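Trainee: can't give you the sequence, but here's the structure:
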């Protein structure tokens, strides 16, 4: 059955009940009035639910999606009211929920970010400061320097100080050199030596509250991809170098040993076998290339005469 038709029938019934209520008032029938009021509330409740269903169907048709998807998106938006845009995407990188006790603090920061332009230089920050808080003791160079030092988002750093002390001109932060009210809980105050230190305290707080599950913007993703590509190229180059070194080792192993320079051998003593009945030993030296032949020393003949009988004699040649 068409929902619009049901809604029309219920509206007719509602009109009838209202007429019955008027009649009960005219006759002073209090019991009847209470009964009709109960019926009117039930019909109004049913009409509200049917109106919601009708709106969901119309939204699904307009967005080319299903009624289930529309309901799901609505529930997610209820639990996550912060709508991320280019102006507020810095909230994806830092968790500022615990920064303040005000339940609407994050929405207020989001509102400031949506109205704030680019803040890419000390000069741009200075112009924004003088326009928003002309009497602010802070400077563009002071804020920009701390944002760069701790690598935090400049616009988010500014939004926190604008919300909490109007850049050091209002509230407790104005008298404690604490433009971000870091440590100012209402029951306790934290005073810094200078405005520079107060700005640094906010930057340090942001640096310590980065989100681990950060949704990385497209440009950051491309940078990471390029880093991955570079690392892959470096690994490939290392692999090539390793393969080249292995090839060189193989070539070295295959080189014939006969092309390696020979190391001269240390001269050795060469013993010459003695000639029969010889008693001398001649040493000969060898060179790395030519071995000189051993030179025999002249044999010394020793004659021993032994006296024997007149007709026999013996000689020994050494």
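Mentor: It's in. Just so you know, these numbers come straight off a predicted model, no measurement behind them. Residues are numbered from 1 along each chain as shown.

Trainee: can you give me the helices in this protein?
Mentor: 3-27, 30-63, 67-79, 105-115, 122-132, 140-149, 154-165, 171-175, 195-207, 218-254 (DSSP state H).

Trainee: comparing these, which stretch has the densest surroundings?
Mentor: helix 154-165 (a mean of 24; mean count of other CB atoms under 10 Å). In this view, the C-beta of every residue, glycine as well, is placed from N, C-alpha and C.

Trainee: angle of that helix against helix 105-115?
Mentor: Taking axes from the mean of the first three to the mean of the last three CA atoms, to 10 degrees, one finds helix 154-165 and helix 105-115 inclined to each other by 120 degrees.

Trainee: for helix 154-165, give the mean pLDDT please.
Mentor: Mean pLDDT, helix 154-165: 96.

Trainee: on that earlier part again, in a markdown table: the helices of the chain, plus distance to residue 97.
Mentor: Output for these, formatted as a markdown table (distance: least, CB to CB, whole Å):
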| stretch | distance to residue 97 |
| --- | --- |
| helix 3-27 | 40 |
| helix 30-63 | 30 |
| helix 67-79 | 13 |
| helix 105-115 | 6 |
| helix 122-132 | 24 |
| helix 140-149 | 21 |
| helix 154-165 | 13 |
| helix 171-175 | 20 |
| helix 195-207 | 13 |
| helix 218-254 | 22 |
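
Trainee: among those helices, show the one with the smallest mean pLDDT.
Mentor: Across those, the lowest-scoring stretch is helix 218-254, with a mean of 52.

Trainee: who wins for proximity to residue 86 among the helices of the chain?
Mentor: helix 105-115 (9.7 Å; CB to CB).

Trainee: out of the helices of the chain, the one nearest residue 85 is which?
Mentor: That would be helix 105-115 among the helices of the chain, by CB to CB, at 7.0 Å.

Trainee: which strands and helices sit next to the closest one?
Mentor: In terms of contacts (3 or more CB pairs under 8 Å, 6 or more residues apart in numbering; DSSP states H and E), helix 105-115 is packed against helix 154-165.

Trainee: quick one, the helix it packs on and helix 195-207 angle?
Mentor: Using the same axes, to 10 degrees: helix 154-165 against helix 195-207 is 110 degrees.

Trainee: angle of helix 154-165 against helix 122-132?
Mentor: Helix 154-165 runs at 30 degrees relative to helix 122-132, counting by the same axes, to 10 degrees.

Trainee: hmm, who's touching helix 154-165?
Mentor: With CB atoms under 8 Å, 6 or more residues apart in numbering as the test, helix 154-165 has contacts from 90-91, 94, 96, 99-100, 105, 108-109, 112-113, 116, 118-120, 125, 128, 132-133, 138, 143-144, 146-147, 167-168, 171-174, 178-181, 199, 202-203, 206.

Trainee: nearest to residue 186, of the helices of the chain?
Mentor: With CB to CB as the measure, helix 171-175 is the member of the helices of the chain nearest residue 186 (8.5 Å).

Trainee: what distance do you get for the residue nearest to residue 116 when sequence neighbours are not counted to residue 147?
Mentor: Leaving aside its chain neighbours, residue 116 sits nearest to residue 155 (5.5 Å; criterion: CB to CB, 6 or more residues apart in numbering). Distance of residue 155 to residue 147, computed by CB to CB, to the nearest Å: 9 Å.

Trainee: now swap in residue 21 and tell me
Mentor: 65 Å.

Trainee: count the neighbours of residue 169 for me.
Mentor: Applying other CB atoms under 10 Å, we find 16 residues neighbouring residue 169.

Trainee: look up how far residue 138 lies from it.
Mentor: For residue 169, the distance to residue 138 - CB to CB - is 9 Å.

Trainee: any shared contact partners between those two?
Mentor: In terms of CB under 8 Å, 6+ apart, residue 169 and residue 138 are not both contacted by any residue.

Trainee: thought residue 56 was touching residue 67?
Mentor: Yes - under the criterion of CB atoms under 8 Å, residue 56 makes contact with residue 67 at 5.0 Å.

Trainee: domain ranges for the protein?
Mentor: Taking automatic domain parsing as the reference, the chain has its domains at 3-79, 89-207, 270-318.

Trainee: surely residue 147 and residue 153 touch.
Mentor: Yes - assessed by CB under 8 Å, residue 147 is found in contact with residue 153 at 7.2 Å.

Trainee: need the residues touching each of these two.
Mentor: Common neighbours of residue 147 and residue 153 (CB under 8 Å, 6+ apart) do not exist.
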